[in-house]
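> My questions are about this predicted structure, shown below with the sequence.
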Amino acid sequence: MSGFYVAQEGHVVPILHPVDITGGANSDVFSMESYSHASIIISLGVTAAAPTFKVYECDDFTPTNATSIAFNVFKCETALSDVLGAKVAATAAAGVVASTTNTIFYVIELDAAQLTEGYPCVQVRFTATSASILASAVAVLSGARYASDQSATVIA
């Protein structure tokens with residue numbers, strides 16, 4: 001059995017560099033037009049309050065039009081752990097209300113087939129209270145339509 005070389009067989013997209021998301025934040029918009037799957041890893045460091053995050057499908061990088069969508073998420077809500085729980089379905093309306101535990105993470109699994117035609121782009125949006133919350137997010141794209149040693153950008 002061979003491994004998965006992320007740098008060659010996938011595409012890594014830092015969509016939210018480590019930042020305080022107090023008051024809310026939006027990730028960069030990325031395109032899934034040339035990929036069939038995205039694994040979005042959200043890491044929370046200090047969580048003085050419970051942020052909520054939702055996934056949006058977008059028609060372009062601006063985004064001019066965006067709609068929240070349902071998605072699957074795996075949660076690791078135990079501090080300093082690497083063990084994910086079972087798959088949980090998140091609704092478009094509610095998204096995910098994160099735990100207030102420090103040093104946790106979430107993995108969103110999203111297939112391009114879940115996106116509406118004409119909406120090839122994705123963005124994660126965070127809503128948060130006025131309390132300090134440190135977060136970051138990275139999308140790992142896989143199932144490239146045109147794989148190569150150096151993949152083209154998927155952000156504007």
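Sure thing, it's come through. Note that the structure is predicted; figures quoted are calculated from it, not measured.
> Give me the nearest residue to the residue nearest the centre of the chain, chain neighbours excluded.
Centroid-nearest residue in the chain, with CA atoms, centre = their mean: Ile40, separated by 3.4 Å. Nearest residue to Ile40, sequence neighbours excluded (CB to CB, 6 or more residues apart in numbering): Ile108, at 4.1 Å. C-betas here are computed from N, CA, C, even on glycine.
> burial measure for the closest residue in space to Val97 that isn't next to it in sequence, as a count.
Leaving aside its chain neighbours, Val97 sits nearest to Thr52 (5.0 Å; criterion: CB to CB, 6+ apart). The number of residues packed near Thr52 is 15, by other CB atoms under 10 Å.
> and Thr52, what are its bridge partners?
For Thr52, the beta-bridge partners are Val97, Thr127 (DSSP bridges).
> Who are the contact partners of it?
The contact partners of Thr52, by CB atoms under 8 Å, 6 or more residues apart in numbering, come to 94-98, 126-128.
> now those as a markdown table including distance to Asp60 and pLDDT?
Output for the contacts of Thr52, formatted as a markdown table (distance: CB to CB, whole Å; pLDDT from 0 to 100):
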| residue | distance to Asp60 | pLDDT |
| --- | --- | --- |
| Ala94 | 26 | 98 |
| Gly95 | 22 | 98 |
| Val96 | 25 | 98 |
| Val97 | 29 | 96 |
| Ala98 | 28 | 95 |
| Phe126 | 21 | 97 |
| Thr127 | 23 | 95 |
| Ala128 | 26 | 81 |
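> For the chain, just list every one of the strands.
Ranges of strands in the chain, per DSSP state E, are 10-20, 25-26, 30-31, 35-47, 52-58, 66-69, 71-76, 88-90, 96-97, 104-111, 121-127, 133-144.
> how far does the last one sit from the chain's center?
Per CA atoms, centre = their mean, to the nearest Å, the displacement of strand 133-144 from the mean C-alpha position of its chain is 5 Å.
> Check the spacing between Ser130 and Gly23 real quick.
Plainly put, Ser130 is 7 Å away from Gly23 if you go by CB to CB, to the nearest Å.
> More neighbours: which of these two?
Taking neighbours as other CB under 10 Å, Ser130 and Gly23 compare with Gly23 leading, 12 against 9.
> and the gap between the more buried one and Ile133?
Distance of Gly23 to Ile133, computed by CB to CB: 9 Å.
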